[in-house]
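J.: here are the coordinates; sequence isn't available:
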């Protein structure tokens with residue numbers, strides 16, 4: 001079994017990309033209330049702060065800040081995925097291996113994680129998150145995508161109303177090609 005190395009920083013700030021196994025399905029927006037519930041329940045039991053998030057039909061990106069002396073983002077993701085998977089109808093095809101392991105075939109097993117290193121890295125990842133629905137062709141402007149913290153950032157004056165009409169320049173590592 002591979003030994004995945006992750007950089008863990010207690011109280012750290014992290015960027016994540018989490019994907020559905022079947023990228024053609026739109027489960028995340030079709031069951032948005034259930035996904036929000038999964039986040040809410042996990043946050044109540046194991047607090048963390050979501051600084052920025054975008055939920056697309058088949059994947060999501062977010063930035064979390066963990067509490068001091070805590071670096072267990074993997075356990076939180078496991079709980080979020082589990083809650084979501086247990087509460088949606090079982091309509092997906094499961095491989096023999098997933099059946100043997102009693103696993104649903106909703107999520108990719110792993111996720112992309114990047115530890116935010118400085119203010120510039122943070123700003124670049126926030127912009128990447130908020131521009132992502134445009135990048136993937138779901139909308140023409142970030143303000144048109146309903147499942148994003150873009151609206152909070154704009155309402156708080158962190159983005160001008162016209163932000164995202166031209167593609168911003170991103171600096172950093174991102175969890176998709």
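T.: It's in. Everything numeric in this text was worked out from a predicted model, so none of it was measured.
J.: what about the chain, any weak spots by pLDDT?
T.: Counting by pLDDT under 70, the ranges of the chain that qualify are 1-8, 170-177.
J.: where exactly do the helices run in it?
T.: Secondary structure of the chain by DSSP state H: the helices cover 27-30, 32-45, 73-86, 96-100, 119-135, 150-155.
J.: now for these, which one comes closest to residue 106?
T.: Judged by Cβ to Cβ, the one of the helices of the chain that comes nearest to residue 106 is helix 73-86, at 4.6 Å. Glycine gets a C-beta too; all of them are placed from N, C-alpha and C.
J.: Which neighbouring elements make contact with the closest one?
T.: strand 13-19, helix 32-45 (3 or more Cβ pairs under 8 Å, 6 or more residues apart in numbering; DSSP states H and E).
J.: Check the gap between residue 133 and residue 21 for me.
T.: 21 Å (Cβ to Cβ, to the nearest Å).
J.: just to revisit the earlier point, Serialize the helices and strands packed on helix 73-86 to a markdown table and add fields for distance to residue 113 and mean neighbour count.
T.: As requested, the helices and strands packed on helix 73-86 are exported to a markdown table (distance: least, Cβ to Cβ, whole Å; neighbours: other Cβ atoms under 10 Å):
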| stretch | distance to residue 113 | mean neighbour count |
| --- | --- | --- |
| strand 13-19 | 6 | 20 |
| helix 32-45 | 16 | 15 |
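J.: When residue 133 and residue 21 are compared, which one has more neighbours?
T.: A side-by-side neighbour count of residue 133 and residue 21, using other Cβ atoms under 10 Å, places residue 133 first with 25 against 19.
J.: List the contacts of the spatially closest residue to the more buried one that is not a sequence neighbour.
T.: Distances taken as Cβ to Cβ, 6 or more residues apart in numbering put residue 145 closest to residue 133, at 3.7 Å, once the chain neighbours are dropped. For residue 145, the set of contacting residues under the criterion of Cβ atoms under 8 Å, 6 or more residues apart in numbering consists of 54, 133-134, 138-139.
J.: which of those are buried?
T.: Among these, those classed as buried by 16 or more other Cβ atoms under 10 Å are 54, 133-134.
J.: count of residues packed around residue 154?
T.: Burial of residue 154 is recorded as 18 neighbouring residues (other Cβ under 10 Å).
J.: how close does it sit to residue 162?
T.: In this structure, residue 154 lies at 10 Å from residue 162, with Cβ to Cβ as the measure.
J.: among the helices of the chain, which is the most enclosed?
T.: helix 119-135 (a mean of 20; mean count of other Cβ atoms under 10 Å).
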